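[1] turn this into a structure:
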Amino acid sequence: MRLKNRLFPIIAVVAIGVALGGLILRSDKTAPPISTDSANARSETGGETDRPGDEGSSPYHIGPRGGKLFTADGFGVEMTIFEKGVPPQFRLYLYENDEPLPPSAAKVALTLARLGAPAEIHHFKPEADYLLGDQIVVEPHSFDIIIAAERNGKTFNWKYSQVEFRVEMPDEMLKSTGVEILTAGPATIKPILKLPGEVVFNEHTIVQVVPRLPGIVTAVYGHHGMQMKKGEVMAVIESQMLAELRSQHLVAQKRLTLAQTTYEREKKLWEDKISAKQDYLAAQTQRSEAEIALDLAAVKLRSLGVRPEAKPSEENLARYEIRAPISGLIIEKAIALGQTLREDDRIYTVADVSTVWVALTVYPKDLAAINVGQKATIKATAFDLVGEGEITYITTLIGEQTRTATARVELENKDASWRPGMFVNAELATEAIEAPVAITADAIQTVGDWTVVFGRYGRYFEARPLELGVSDGKMIEVFSGFHAGERYAAGNSFAIKAELGKSGASHDH
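    A predicted model of the protein is given here:
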């Protein structure tokens, strides 16, 4: 076998001696040393059984339970790993002369050695018709095993190697593939909270346009989707009310002109002692009344957005131009030629899109991690567009149907790149965490259903399934599956996954 000269470290031999001395051979007997030069089975008498005759042969047979059956002198141990609905554990079945034995018929201990890890000693206790191991057999199931058994005062030792998700890549090969080797260790991580969201209009810059006068539409210049400038004519109506107001203003202007002329004449006559002062004071009163009437008529026009100083032609006193109240985009339109409008009809909705909002969906578990004023990086999901803003508002209530809250981020949008309705993702940096074990995010790969890192052990890489914690996009916290000080493939680790696929490594029990 390719693995026979590579594994079974000395610690495994020491560990099996401890296991045999402490758990199996509780008498003065001592088990003989175990050879590690090949995968074989040896009984206490020194005779070997099931020794492989050539490279690639196996020290076991397939047992009745579908496991690996190790035999010597008529005694057999079938090793299985049971993991249906429970974490993987060893289950051992005993046989003598191919007949099942009760689990209490022998004492068994198992030493397991993995790449880059100390040996594990697994003890067993009777359970139903099998011996149940006392430890979880963590993935991958790639290891060297020494099984030690005692029955009727006689000891049996078997050795076995199993490889999963391992690939050999010497250092010179790493240089050609661009794989970088780093060491896992502590790191300060600023976790990135990712939230989905949607671009919406800034409600503070949306204006509803109403005519403010009843009338008939004679021209429409503003249409849905058009960008309007403040003061630009959007539509024109003819309004009888406006004609009356303008007439009143013109009449008031003429009255004031006549009153001013009368006042100046009566003032001169009074100063020349020609007329009585009473006539002069009456002319002054009439002028003041005319000024008040003109001011009132002007106020009525200004309240409708009409400039009193404008000089409409006498035959077009009813023309009223509806102008854009702000610079912005027409997002709603409800006006057509010939339509009769009331003064409060909503005919246009104009939105200033120089700023927009992003409505983020916040799950209850994430509410404690966000706050007003927090910076957020917004990324469009459909194409490469990135912006930055800050949270300006967080709803105080959870949606009854969605069971989520909403956080609002305001974005500058002077070039109109952010369009309402776009789906986005937001990234928010939260409080820094000191991670005892962390690796680079580019080291993470997937193998089957596992999230793994490829640990470096001598000339070999082997997948290590991980339980991961928080990440800041560069470093990621490791809860379990890898330890500080272990070396791993970082940059271009996908090359190892590709090499693993070529080698045909598989999950084997």
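[2] which element follows the longest helix seen in the chain toward the C-terminus?
    When the chain is parsed with DSSP state H, its longest helix is helix 240-271. Heading C-terminal from helix 240-271, the first helix or strand you meet, by DSSP states H and E, is helix 277-302.
[3] for that next one, give the mean pLDDT please.
    Averaged over helix 277-302, pLDDT sits at 87.
[4] what angle sits between that helix and helix 240-271?
    Per axes from the mean of the first three to the mean of the last three C-alpha atoms, to 10 degrees, the angle that helix 277-302 makes with helix 240-271 is 160 degrees.
[5] parallel or antiparallel, which strands does the next helix or strand after helix 277-302 pair with?
    Counting by DSSP H and E, the next helix or strand C-terminal to helix 277-302 is strand 319-323. Paired neighbours of strand 319-323 in the sheet (DSSP bridges): strand 233-238 (antiparallel).
[6] list the buried residues for the strand it pairs with?
    Buried positions in strand 233-238, judged by neighbour count with 16 or more other C-beta atoms under 10 Å: 234-238. (Glycine included, C-beta is placed from N, CA and C.)
[7] need the contact partners of that strand.
    Residues outside strand 233-238 that contact it (C-beta atoms under 8 Å, 6 or more residues apart in numbering) are 209, 211, 213, 215-222, 228, 318-324, 330, 335, 341, 347-348.
[8] change it to 10 Å
    Around strand 233-238, the neighbours that count as contacts under C-beta atoms under 10 Å, 6 or more residues apart in numbering are 209, 211, 213-223, 226, 228, 316-325, 330, 333, 335-337, 339-341, 347-348, 350.
[9] residue contacts, D442?
    180, 182, 474, 476, 489-494.
[10] about what we covered before: and the buried ones among the contacts of strand 233-238, selectable in ChimeraX?
    Burial among the contacts of strand 233-238 is assessed by 16+ other C-beta under 10 Å; the matching ChimeraX selection reads:
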select :209,211,213,214,215,217,220,222,226,228,317,318,319,320,321,322,323,324,325,330,333,335,341,347,348,350
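[11] how distant is stretch 127-147 from the center of its chain?
    Put simply, stretch 127-147 sits 38 Å off its chain's centre (C-alpha atoms, centre = their mean, to the nearest Å).
[12] got the buried residues for that stretch?
    Across stretch 127-147, burial judged by 16+ other C-beta under 10 Å covers 130-133, 137-147.
[13] ok, so of the residues you listed, who is nearest T71?
    For these, the minimum distance to T71 (C-beta to C-beta) is 11.4 Å, reached by I147.
[14] so the closest one bridges to which residues?
    Beta-bridge pairing of I147 under DSSP bridges involves L110, W158.
[15] let me see the contact set for it.
    I147 sits next to 16, 41, 60, 68, 70, 77, 79, 90, 92, 108-112, 122, 156-160 when contact means C-beta under 10 Å, 6+ apart.
[16] in strands, which of those fall?
    Among those, the members falling in strands (DSSP state E) are 41, 68, 70, 77, 79, 90, 92, 108-112, 122, 156-160.
[17] name only those of the residues you listed that count as buried.
    The neighbour count (16+ other C-beta under 10 Å) marks 41, 68, 70, 77, 79, 90, 92, 108-112, 122, 156-160 as buried among the ones in strands among the contacts of I147.
[18] what's the burial count for K273?
    By the criterion of other C-beta atoms under 10 Å, K273 has 8 neighbours.
[19] ok, now how distant is it from Y280?
    Distance check for K273 against Y280: by C-beta to C-beta, to the nearest Å, it reads 11 Å.
[20] quick one, helices of the stretch 401-509 of the chain?
    Ranges of helices in the stretch 401-509 of the chain, per DSSP state H, counting those that start in this stretch, are 494-503.
[21] which residues in it form strands?
    Using DSSP state E, counting those that start in this stretch, the strands found in the stretch 401-509 of the chain span residues 405-412, 423-429, 433-440, 445-447, 450-457, 460-465, 467-471, 475-480, 487-489.
[22] by mean pLDDT, point me to the weakest helix or strand of this protein.
    Least confident element among the helices and strands of the chain, by mean pLDDT, DSSP states H and E: strand 48-49 (a mean of 34).
[23] for the helix or strand following that strand, which helices and strands make contact with it?
    Remark: after strand 48-49, the chain's next helix or strand is strand 61-62, criterion DSSP H and E. Other elements packing on strand 61-62 under the criterion 3 or more C-beta pairs under 10 Å, 6 or more residues apart in numbering; DSSP states H and E are strand 68-72, strand 75-82.
[24] residue ranges with poor pLDDT in the chain?
    For the chain, applying pLDDT under 70 flags the ranges 1-58, 311-315, 503-509.
[25] and it, what are its domains?
    10-163, 167-189+432-503, 192-238+320-430, 240-317 (automatic domain parsing).
[26] measure G399 to E343 for me?
    G399 sits 38 Å away from E343, going by C-beta to C-beta.
[27] identify the bridge partners of the residue positioned nearest the centre of the chain.
    With distances taken as C-alpha atoms, centre = their mean, the residue of the chain nearest its centroid is K194 (3.5 Å). Beta-bridge partners recorded for K194 (DSSP bridges): E427.
[28] over to E321?
    Taking DSSP bridges as the rule, E321 bridges to V236.
[29] before we move on, back to that, D472 is in contact with the residue nearest to the centre of the chain, correct?
    No: shown here, K194 and D472 do not form a contact pair, counting by C-beta atoms under 10 Å, at 11.3 Å.
[30] name the residues contacting each of the two.
    With C-beta under 10 Å, 6+ apart, K194 and D472 have common neighbours E427.
[31] just the helices in the stretch 101-250 of the chain please.
    For the stretch 101-250 of the chain, the helices defined by DSSP H, counting those that start in this stretch cover 171-177, 240-271.
[32] thinking again about what came up before, put the buried members of the contacts of D442 into a ChimeraX selection.
    The ChimeraX command for the buried members of these (criterion: 16+ other C-beta under 10 Å) is given here:
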select :182,476,489,490,493
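[33] need the contacts of D442 in a markdown table with distance to F165, can you?
    A markdown table is the format used below for the contacts of D442 (distance: C-beta to C-beta, whole Å):
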| residue | distance to F165 |
| --- | --- |
| E180 | 20 |
| L182 | 20 |
| K474 | 26 |
| I476 | 20 |
| A489 | 13 |
| A490 | 18 |
| G491 | 20 |
| N492 | 18 |
| S493 | 13 |
| F494 | 15 |
